[in-house]
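> Only the shape, not the letters, is given here:
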């Protein structure tokens, strides 16, 4: 037995779903309403989400309950970020931006080396012994990585050996883009199936 | 000083992160974790700037009765309803994210349908874009087309019914050539990220200060 609020919620969700799908016919007021509602509610959601999952547990609670007063430093940087509202002292916000950029660059350097560069190179240093299916696949991976990197190497003209390797690289890249495209389409189709299931199962129970 | 202090802050904070990576002992060991928390806190404050900009723009639209101002009103009402519901839920349950809160009710019945339908709608546009772009004009475009078709067919039951090896071929494409190219691209991206980060850290790249 569903209560009133569940039924109301399902009808509201169904209306919003149909309003978005109405764009398939053409741009119309229902779509625009749903689109603007999406932007507004998402902004409201993110504001509350940030407060309850970042500001409160990481700043307010540690200061008020655990007396971690050193957290006034990020709070200070956060507050001076808001000086952008006051043109005369807006330059102060650069300190906060510099702080976040500094952390971002530091993490980008260490994170790229540890999280991408070394694991990806390590994954490419694979065994090529014996003539079997695994060796062939490993060889294809090594050729693919080297040729793709060569394609993106623009310091030398793509002529001769570099040109031929880059051509192999573009074949790999096209296969990768095609596969990614197919994968993305399937992801979107599964969302579409999800919405159809919602409409014809939760809203109008045609599918049992 | 208005430029030098930010440059010094960038250099020192990035250096601390790098040093803490290579010296995982006190006091450096916890610095990376602490910096990440501080980063999240400061980024939280920037949310206010973004929201202010959005609301201000739409408020002006309503005030000046510009075209489609009614939609801007819907946007602001939607925003206000979520903020009010979130605040009330926060007082009532301790957190707005409580599963029984009115905030989560609105999230489940407003944001989730809007978000998933918006992305589902993209499948139609991807299909129409593919119809226009995926013409087998040359070898590259043909490869893109064939790979996309195999991956799509290989991931649905009908693919298995057409040819029982379709799923295995799709799997092989994802695991070998796709992965090899992706790996090459990722290595390139990470090298680029390191180079740009070093430029920013050393103050060569300063566009973020403008």
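That came through fine. Model, not experiment: these values are computed from the prediction.
> Low-confidence ranges, chain B, go.
Per-residue confidence for chain B (pLDDT under 70) gives these ranges: B:1, B:136.
> Domain parsing of it, as residue ranges.
As assigned by automatic domain parsing, chain B contains the domains B:1-62, B:67-125.
> Now mean neighbour count too, for these, in CSV please.
Where you see a C-beta, it was placed from the backbone N, CA and C, and this is true even at glycine. Formatted as CSV, those follow (neighbours: other CB atoms under 10 Å in any protein chain shown):
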stretch, mean neighbour count
domain B:1-62, 16
domain B:67-125, 18
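> Strands of chain B, start to end?
Here chain B has no strands by DSSP state E.
> now for the lengthiest helix in it, which elements pack on it?
Using DSSP state H to define each element, chain B has its longest helix at helix B:31-63. Secondary-structure packing of helix B:31-63 (3 or more CB pairs under 8 Å, 6 or more residues apart in numbering or on different chains; DSSP states H and E): helix A:29-50, helix A:72-81, helix A:93-111, helix B:4-22, helix B:69-93.
> between those helices, which gets nearest to residue B:123?
Minimum separation from residue B:123 across these (CB to CB) falls at helix A:29-50, 16.5 Å.
> And the contacts of the closest one?
Helix A:29-50 is contacted from outside by A:16, A:18-20, A:22-23, B:44, B:47-48, B:50-51, B:54-55, B:68, B:71-72, B:74-83, B:86-87, B:90, B:96-97, B:103, B:106-107, B:110-111, B:114-115, B:118, using CB atoms under 8 Å, 6 or more residues apart in numbering or on different chains.
> at 6 Å what do you get?
Contact with helix A:29-50 is made by A:16, A:19-20, A:22-23, B:44, B:47, B:51, B:54, B:71, B:74-75, B:78-79, B:82-83, B:86, B:96, B:110-111, B:114, as judged by CB atoms under 6 Å, 6 or more residues apart in numbering or on different chains.
> per-residue confidence averaged over it?
Mean per-residue pLDDT for helix A:29-50: 96.
> Just give me the residue closest to the centre of chain A.
residue A:184 (13.2 Å; CA atoms, centre = their mean).
> Figure out the helix or strand that that residue lives in.
helix A:160-197 (DSSP states H and E).
> how distant is that helix from the center of its chain?
17 Å (CA atoms, centre = their mean, to the nearest Å).
> ok, now stretch B:202-210?
24 Å.
> What are the buried residues along it?
For stretch B:202-210, burial by neighbour count (16 or more other CB atoms under 10 Å in any protein chain shown) applies to B:205, B:209.
> Over to it now: how far is its first residue from its last?
One end of stretch B:202-210 sits 17 Å from the other (CA to CA, to the nearest Å).
> Kindly report the same for stretch A:50-67.
22 Å.
> And for stretch A:82-89?
Start-to-end span of stretch A:82-89 (CA to CA) is 10 Å.
> Any stretches of chain A with poor pLDDT?
Applying pLDDT under 70 to chain A flags residues A:1-2, A:208.
> now do 90
A:1-4, A:26, A:107, A:111, A:126-133, A:154-156, A:158, A:181-191, A:202, A:204-208 (pLDDT under 90).
> Run through the neighbouring helices and strands of the helix or strand encompassing residue A:118.
Assessed by DSSP H and E, residue A:118 sits inside helix A:118-124. Secondary-structure packing of helix A:118-124 (3 or more CB pairs under 6 Å, 6 or more residues apart in numbering or on different chains; DSSP states H and E): helix B:177-201.
> repeat that for 7 Å
Applying 3 or more CB pairs under 7 Å, 6 or more residues apart in numbering or on different chains; DSSP states H and E, one finds that helix A:118-124 contacts helix A:133-151, helix B:177-201.
> So for residue B:14, which of those helices sits nearest?
helix B:177-201 (4.5 Å).
> And that closest one, what's buried?
For helix B:177-201, a neighbour-count test (16+ other CB under 10 Å) marks B:177-187, B:190-191, B:193-194, B:197, B:200-201 as buried.
> Repeat that for stretch A:140-159.
Under the neighbour-count criterion of 16+ other CB under 10 Å, stretch A:140-159 has A:140-152, A:158 buried.
> what about that stretch, how long is it end to end?
Terminal residues of stretch A:140-159 lie 22 Å apart, using CA to CA.
> and if you look at stretch B:125-144?
Stretch B:125-144 has its terminal residues 18 Å apart, counting by CA to CA.
> quick one: buried residues of that stretch?
Those would be B:130, B:134, B:140, B:143, B:144, for stretch B:125-144 by 16+ other CB under 10 Å.
> Throw those into TSV and include distance to chain A, thanks.
Listed next are the buried residues of stretch B:125-144 as TSV, based on distance: CB to the nearest CB, whole Å:
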residue	distance to chain A
B:130	7
B:134	9
B:140	5
B:143	4
B:144	4
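> Identify, from the residues you listed, the entry nearest to residue A:166.
Distances from residue A:166 to these, taken by CB to CB, are shortest for residue B:140, at 12.4 Å.
> residues contacting that closest one?
For residue B:140, the contact set (CB atoms under 7 Å, 6 or more residues apart in numbering or on different chains) comprises A:170, A:174.
> rerun that using 10 Å as the cut-off
Residue B:140 is in contact with A:167, A:170, A:171, A:173, A:174, A:175, A:177, A:178, counting by CB atoms under 10 Å, 6 or more residues apart in numbering or on different chains.
> filter those by proximity to chain B?
When contact is defined as CB under 10 Å from any CB of the partner chain, the contacts of residue B:140 meet chain B at A:167, A:170, A:171, A:173, A:174, A:175, A:177, A:178.
> In ChimeraX, select just the buried ones from these.
This is how ChimeraX selects the buried members of the ones next to chain B among the contacts of residue B:140, with burial counted by 16+ other CB under 10 Å:
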select /A:170,171,173,174,175,177,178
